[in-house]
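J.: structure for the following, please:
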Amino acid sequence: MLNYKAMSTSRRKRQFGRFMGEWVLVFGLLLFVIWLVTQEANAPQLILLLLLYIITINFSLPPAFGGIGLTPVVAVSSLLVVGLETAVYLAAISFLVAELARPLWNPMWDYVNLKQPNWRERLGVIAVHLLALSAAGFLYRQFGGSDPLLNNNLNNLIPFAALAVGYSAIHFVLEGALWLSLKRPLRQFLSDNAPGILTTTLLAQPFAIFGGITFVSNGMPIFVIFSLGIMVFSLVTWLSWQRRYVAQQQLSQFSLLNQISLSLRETLDLPTVLARTQQQVTTLVSADEFAIALCDEDGEWQRPFHEQTSPAAPNDLVQWVAANRRPLDLHSRNLHYATQHNLALPTPKTGCLARRPPDKRRTIFRGHGLNACPRRTAI
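T.: This is a model prediction of the structure:
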């Protein structure tokens, strides 16, 4: 018999150690980067741009949605403020720090049923931004632009126009190449992501150029206000997209429930109805196991329908829901709490669980279970 309490304690210690290690590593690297940039004459600008990079990178949309965010504004502004070479080095360091700090931003993903980008997608995004910044900066220089920006070059609009159009076009082409390299359909990119990428990168450039001109003309205090505006707008953009995406998910779920309701009226054959329910539910929520169980007030269980690979008896988590008459919502970061209550976890390891609470108005408990879905989902 396994000692679940000892396993839970050991697992909590490992998770706490890993969490503290991540924080120490991130803040240690951040302090090192801050110390490094303080050795430069333009240390305040570098520190502020570093913070802007980290915030805009983490509040950008996922690559599957075009990676839209305000990182291009920070990139072009840094080019005009500190020069091309320093801007590229700063962008590379900022992406490294943001990548190390990525686990600290995981709670943002708990509210959306969406898989986090894998390392290929994240590496591709970094390459897109660095290449776009380098190519656009070179083009800016070829048209007579100065970096860092000087007061006597503010009236020459041709380099600014070349920078804005060049960055937008190069960024768009690189995003398309990244999309194709991930073996995704080009038609989907052109219809779903291309308008947003073009609009964001092209329309963001005047604001980026305005930030550089503001720093040259008015100094650091006004540039700090400009930077605060970018931070707030990045947060608002992410929250707006998150609410819209969650609302679309809920509409899809309601539509699925309506389809299930219609299928129930088409036939009275119970196995057919339950098989259709399984098919429609698993199209919306990826699951390795689907089961419906009945439990009476005496604790007797009946399985009118289950997959051939499903166990005949409900697991401990389903029985806990029936006994406590409360919904149970678990995900990968809190599964260890189950062992504190001597509940054996399903095999294979569960990534997500969603249980329907009992109906207190009836004597029959209807429990629905979904195991091992990629993200936390309530149904």
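J.: what is the burial count for residue 73?
T.: Using other CB atoms under 10 Å, residue 73 has 27 other residues around it. Glycine gets a C-beta too; all of them are placed from N, C-alpha and C.
J.: and what about it, helix, strand or coil?
T.: Here residue 73 is helix, with the state taken from DSSP: H, G, I helix; E, B strand; the rest coil.
J.: correct me, but residue 76 touches residue 205?
T.: Yes - at 6.0 Å, residue 76 counts as touching residue 205 under the criterion of CB atoms under 8 Å.
J.: out of these two, which sits in the more crowded spot?
T.: Ranked by neighbour count (other CB under 10 Å), residue 76 and residue 205 place residue 76 first, with 29 against 23.
J.: name the element that one belongs to?
T.: Here residue 76, judged by DSSP states H and E, is contained in helix 71-82.
J.: show me the contact partners of that helix.
T.: The contact list for helix 71-82, computed with CB atoms under 8 Å, 6 or more residues apart in numbering, reads 42, 45-46, 49, 52-53, 56-57, 60, 86-87, 90-91, 129, 132-133, 136-137, 140, 147-149, 163-164, 167, 171, 200-201, 204-205, 207-209, 211-213, 215-216, 223, 230.
J.: low-scoring pLDDT stretches of the chain, where are they?
T.: 1-23, 25-27, 29-41, 110-111, 113, 284-289, 299, 302-313, 327-341, 346-379 (pLDDT under 70).
J.: and it, what are its domain boundaries?
T.: As given by automatic domain parsing, the domain ranges for the chain are 40-250, 271-371.
J.: how distant is the first one from the center of its chain?
T.: The gap between where domain 40-250 is centred and where its chain is centred comes out at 17 Å by CA atoms, centre = their mean, to the nearest Å.
J.: what distance do you get for the residue sitting furthest away from the middle of the chain to residue 93?
T.: Distance from the C-alpha centroid of the chain, by CA atoms, centre = their mean, peaks at residue 298 (44.6 Å). Taking CB to CB, to the nearest Å as the criterion, residue 298 is separated from residue 93 by 65 Å.
J.: next one: residue 301
T.: Going from residue 301 to residue 93 by CB to CB gives 58 Å.
J.: name the element residue 176 belongs to?
T.: Assigned by DSSP H and E, residue 176 belongs to helix 157-181.
J.: which strands or helices does that helix pack on?
T.: Counting contacts by 3 or more CB pairs under 8 Å, 6 or more residues apart in numbering; DSSP states H and E, helix 157-181 is packed against helix 71-82, helix 119-142, helix 186-188, helix 194-218.
J.: how about 6 Å then?
T.: Under the contact criterion of 3 or more CB pairs under 6 Å, 6 or more residues apart in numbering; DSSP states H and E, helix 157-181 touches helix 119-142, helix 194-218.
J.: and that helix with helix 119-142, angle?
T.: Counting by axes from the mean of the first three to the mean of the last three CA atoms, to 10 degrees, helix 157-181 lies at 160 degrees to helix 119-142.
J.: which stretches of this structure form strands?
T.: Along the chain, the segments classed as strands by DSSP state E run 289-295, 301-306, 329-331, 352-355, 365-371.
J.: which residues touch residue 109?
T.: Going by CB atoms under 6 Å, 6 or more residues apart in numbering, residue 109 touches residue 116.
J.: ok, it to residue 120 distance?
T.: Taken as CB to CB, the span from residue 109 to residue 120 is 18 Å.
J.: go on, residue 146?
T.: 37 Å.
J.: just want to know which of those two has more residues nearby.
T.: residue 146 (17 against 12).
J.: tally of neighbours for the closest residue to that one other than its chain neighbours?
T.: Using CB to CB, 6 or more residues apart in numbering and skipping the chain neighbours, the partner closest in space to residue 146 is residue 153 (4.7 Å). Counted with other CB under 10 Å, residues neighbouring residue 153 total 15.
J.: please name every helix or strand in contact with the longest helix along the chain.
T.: Taking DSSP state H as the criterion, the chain has its longest helix at helix 220-266. Using 3+ CB pairs under 6 Å, 6+ apart, the elements in contact with helix 220-266 are helix 43-58, helix 194-218, helix 270-284.
J.: looking at these, which is nearest to residue 158?
T.: With respect to residue 158, and counting by CB to CB, the nearest of those is helix 194-218 at 12.6 Å.
J.: and that closest one with helix 71-82, angle?
T.: Using the same axes, to 10 degrees: helix 194-218 against helix 71-82 is 30 degrees.
J.: name the helices or strands packed onto helix 194-218?
T.: If you count contacts as 3+ CB pairs under 6 Å, 6+ apart, helix 194-218 packs onto helix 71-82, helix 157-181, helix 220-266.
J.: turn those into JSON lines, including distance to residue 191.
T.: Output for the helices and strands packed on helix 194-218, formatted as JSON lines (distance: least, CB to CB, whole Å):
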{"stretch": "helix 71-82", "distance to residue 191": "22"}
{"stretch": "helix 157-181", "distance to residue 191": "12"}
{"stretch": "helix 220-266", "distance to residue 191": "16"}
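J.: packed most tightly, which of the ones you listed would that be?
T.: Highest mean neighbour count of the helices and strands packed on helix 194-218: helix 71-82, a mean of 29 (counted as mean count of other CB atoms under 10 Å).
J.: keeping just the C-alphas, turn that one into PDB.
T.: The C-alpha trace of helix 71-82 is given here as PDB (Å, rounded to 0.1, in the frame of the first residue of the first chain):
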ATOM      1  CA  THR A  71       7.000  44.600 -28.000                       C
ATOM      2  CA  PRO A  72       7.500  46.200 -31.400                       C
ATOM      3  CA  VAL A  73       7.000  49.600 -29.800                       C
ATOM      4  CA  VAL A  74       9.600  48.900 -27.200                       C
ATOM      5  CA  ALA A  75      12.000  47.600 -29.900                       C
ATOM      6  CA  VAL A  76      11.800  50.600 -32.200                       C
ATOM      7  CA  SER A  77      11.900  53.000 -29.300                       C
ATOM      8  CA  SER A  78      15.100  51.400 -27.900                       C
ATOM      9  CA  LEU A  79      16.700  51.700 -31.400                       C
ATOM     10  CA  LEU A  80      16.100  55.400 -31.300                       C
ATOM     11  CA  VAL A  81      17.100  55.900 -27.700                       C
ATOM     12  CA  VAL A  82      20.200  53.700 -27.300                       C
END
